[in-house]
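**Q** One predicted model, sequence on top.
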Amino acid sequence: MILAGDIGGTKTVLALFSEVEGIAGGVVHETRYPSKEYDSLESVIDEFLGKVGLVPSVACFGVAGPVDNQTSQITNLPWQISAGSIAERFNIGRVTLINDLESIATAVPHLGSEQLYTLNPGVAKSLGNIAVVAPGTGLGTAFLVWTGTRYKALASEGGHTSFAPRTAQEIDLLNYLQPRYRHVSFERICSGSHLPNIYEFLRDSGSYEEPDWLYTELEQVQDRTPVIVQAGMEQKAEICTATLNMFVNILGTAISNMAITILPRGGIYLGGGIPPRILPRLKQPDFLEAVAHKGRFHDLSLKMPVHVILTPRAPLYGAAMSAMETMDT
């Protein structure tokens, strides 16, 4: 048995695999937990294994944070995770931690066409570099390089690079957020936990009015992002539509910066929970134009394929594959 985990600030998903052959792994049990309702990953694992009544031989967890010496502090959650402590407590032969985007990236070369939506077919180069950008609770990035025998996934914290505004309005957004954060990263804007920053800027700057019904609805929820995004997708409120427009265009800038940094001629893959939910908005031409907005490198950027990962299991598949590799060492 292989225990695989997708550990994030909003949700923790654990799954037991009976075997993994490429992407077609045999999922025996899978459960999703609200991360903030637990004080540690160990408490989630304890509940999960107690329910299924099985002990895995190996485990791998894709965690939303940097991994150092097989320990990690989750970026958007007060959890400190140690692979050694988990292995000892649950009597698991080998436990490894990898960055959550590394786990998604590990799965990418094995995803089928039915698990992807292609926004731009581009001109794919066989065995070319691959980029993964995932706006979810945070903004994760990773990339893959061909080693000569297989793709190797490499973690990155590129979501924390400095926000680079392209328009006068985006410059105003930067000035609005700088006193709040000092360092304004792309994650402070292009993530589920920080998308309301755009909304507040548009409201406080007087660019758009906040309807009374929307104010009431936002006051009644802890997470405002789903309300804003849904209203924007349905064009129920101009301020929400404008928020979503800024989000999409700034996300395009973040992707374009990564594109000219690593030259992912093998493709750009959008993971995380947000892209599938806003897919109709991503299909509009301004998103790909933002991705390609790189001056003299416009044509090169436009040739890079862009895909949306539709399956939410990609992080689990990647973690399970990574665990399988440890069984062979």
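**A** Now that the structure is in, tell me what you want to look at. These figures come from a predicted structure and were not determined experimentally. Residues are numbered from 1 along each chain as shown.
**Q** Please report how far the residue of the chain most remote from its centre lies from Gly136.
**A** Distance from the C-alpha centroid of the chain, by C-alpha atoms, centre = their mean, peaks at Asp212 (32.6 Å). Distance of Asp212 to Gly136, given as C-beta to C-beta, to the nearest Å: 31 Å. No exception for glycine: its C-beta is placed from N, CA and C like everyone else's.
**Q** mind listing the helices in the stretch 1-150 of the chain by residue range?
**A** 41-52, 83-90, 100-107 (DSSP state H, counting those that start in this stretch).
**Q** Nearest to Ile274, out of those?
**A** Shortest separation from Ile274 across the helices of the stretch 1-150 of the chain is recorded for helix 100-107, at 13.5 Å, computed as C-beta to C-beta.
**Q** Rounded mean pLDDT for that closest one, please.
**A** Per-residue confidence for helix 100-107 averages out to 94 on the pLDDT scale.
**Q** Please apply the same query to stretch 3-10.
**A** So the average pLDDT for stretch 3-10 ends up being 90.
**Q** CA-only coordinates of stretch 109-123, as PDB, when you get a sec.
**A** Taking only C-alpha atoms (Å, rounded to 0.1, in the frame of the first residue of the first chain), the coordinates of stretch 109-123 have been written out as PDB:
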ATOM      1  CA  PRO A 109       3.900  14.000 -18.300                       C
ATOM      2  CA  HIS A 110       1.500  11.100 -17.600                       C
ATOM      3  CA  LEU A 111      -1.800  13.000 -17.800                       C
ATOM      4  CA  GLY A 112      -4.100  12.000 -20.600                       C
ATOM      5  CA  SER A 113      -5.800  14.300 -23.000                       C
ATOM      6  CA  GLU A 114      -9.100  13.800 -21.200                       C
ATOM      7  CA  GLN A 115      -7.500  15.300 -18.000                       C
ATOM      8  CA  LEU A 116      -6.400  18.500 -19.800                       C
ATOM      9  CA  TYR A 117      -8.000  21.400 -21.600                       C
ATOM     10  CA  THR A 118      -5.800  23.100 -24.200                       C
ATOM     11  CA  LEU A 119      -6.000  26.800 -24.300                       C
ATOM     12  CA  ASN A 120      -3.200  27.200 -26.800                       C
ATOM     13  CA  PRO A 121      -1.900  24.200 -28.800                       C
ATOM     14  CA  GLY A 122       1.200  26.300 -29.700                       C
ATOM     15  CA  VAL A 123       4.200  24.500 -31.200                       C
END
